[in-house]
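Chemist: here's a sequence, model it:
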Amino acid sequence: MLKVSIVVGNPKAQSRTLRVAETLVRALLEEGSYESTVIDLAEHTDHIFRWHSDHMAVLNQTVAESNLVVVGSPTYKATYTGLLKSFLDRYPHNGLRGVTAIPVMTGADLSHSMGPEVNLRPLLVELGASVPTRGLYFVASQMDHMEEIVAAWADENAAVLRLLQPLVEGVLAKHPDHGRASAASEGLRA
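Modeler: Sure, this is the predicted structure:
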């Protein structure tokens, strides 16, 4: 079964950013084909700045063992929040190798709509995640239309993910015992 993690760095628990990220997973994946873990970082602020924290180590490991992670943040000062950065700083270089990631950002208007691409994507790639789709930028004033907007994004980007299947199958044919890559490819087939 596909392992999905949703990590949201909004300082407000149960935020609109979290709702958008959860809606994205439901729009992209077939119900029953995945198990998901939600990490709402606002609920972990007592631990996030503690070095070493066993609590945070478990959360980081959960994400690193996921096939898919949706990483969400509201736009703060034209980029993602320090709360999200603090969580991601716990990973070493390539700490998310083998994980497919989708960056999601929310904002007040379209002035920072490139945020997922120019700010969050490079960080995820630096950590070793594969980011094959465009990020989702969601204007918070459109919450009444969230389902339709996210569904349209999922429809458009599902085509990109489907294109990866022959590539994954070709790589697995040549490297059948590649371990983590095999687990990640199972997620692409779901």
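Chemist: can you pull the buried residues of stretch 154-165?
Modeler: By 16 or more other C-beta atoms under 10 Å, the buried positions in stretch 154-165 come out as 154, 157, 161. (C-beta placed from N, C-alpha, C; glycine too.)
Chemist: could you say which helix or strand contains the first one?
Modeler: A154 is part of helix 146-174 when elements are defined by DSSP states H and E.
Chemist: pLDDT at W51, what is it?
Modeler: Here the pLDDT value assigned to W51 is 86.
Chemist: same question, R180
Modeler: At R180, the model reports a pLDDT of 48.
Chemist: other SSEs contacting the helix holding A154?
Modeler: For helix 146-174, the packing partners by 3 or more C-beta pairs under 8 Å, 6 or more residues apart in numbering; DSSP states H and E come out as helix 16-28, strand 136-139, helix 180-189.
Chemist: now that helix: mean pLDDT?
Modeler: Throughout helix 146-174, pLDDT has a mean value of 84.
Chemist: and that helix, how far from the chain's centre?
Modeler: How far helix 146-174 lies from its chain's middle: 14 Å, per C-alpha atoms, centre = their mean, to the nearest Å.
Chemist: how about stretch 48-57?
Modeler: For stretch 48-57, the distance from its own C-alpha centre to the chain's C-alpha centre is 21 Å (C-alpha atoms, centre = their mean).
Chemist: and it, C-alpha only, in CSV?
Modeler: C-alpha atoms of stretch 48-57 as CSV (Å, rounded to 0.1, in the frame of the first residue of the first chain):
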residue,chain,number,x,y,z
ILE,A,48,10.7,21.0,16.8
PHE,A,49,13.4,23.2,18.2
ARG,A,50,14.9,20.6,20.5
TRP,A,51,18.0,18.9,19.3
HIS,A,52,17.9,15.9,19.8
SER,A,53,14.2,15.1,19.9
ASP,A,54,13.1,11.4,19.7
HIS,A,55,9.6,12.7,19.0
MET,A,56,10.7,14.7,15.9
ALA,A,57,13.0,11.8,14.8
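Chemist: may I see the buried residues of it?
Modeler: Residues 48, 53, 56 are the ones in stretch 48-57 that count as buried (16+ other C-beta under 10 Å).
Chemist: what's in contact with it?
Modeler: The list of residues contacting stretch 48-57 from outside it, by C-beta atoms under 8 Å, 6 or more residues apart in numbering, reads 41, 44, 47, 83, 86-87, 90.
Chemist: low pLDDT regions in the chain?
Modeler: 165, 167-168, 178-190 (pLDDT under 70).
Chemist: what residue lies at the spatial centre of it?
Modeler: For the chain, V70 is the residue whose C-alpha lies nearest the centre (C-alpha atoms, centre = their mean; 1.8 Å).
Chemist: relative to D155, how far out is that one?
Modeler: Distance from V70 to D155, counting by C-beta to C-beta, to the nearest Å: 16 Å.
Chemist: what sits against I149?
Modeler: Going by C-beta under 8 Å, 6+ apart, I149 touches 138, 142.
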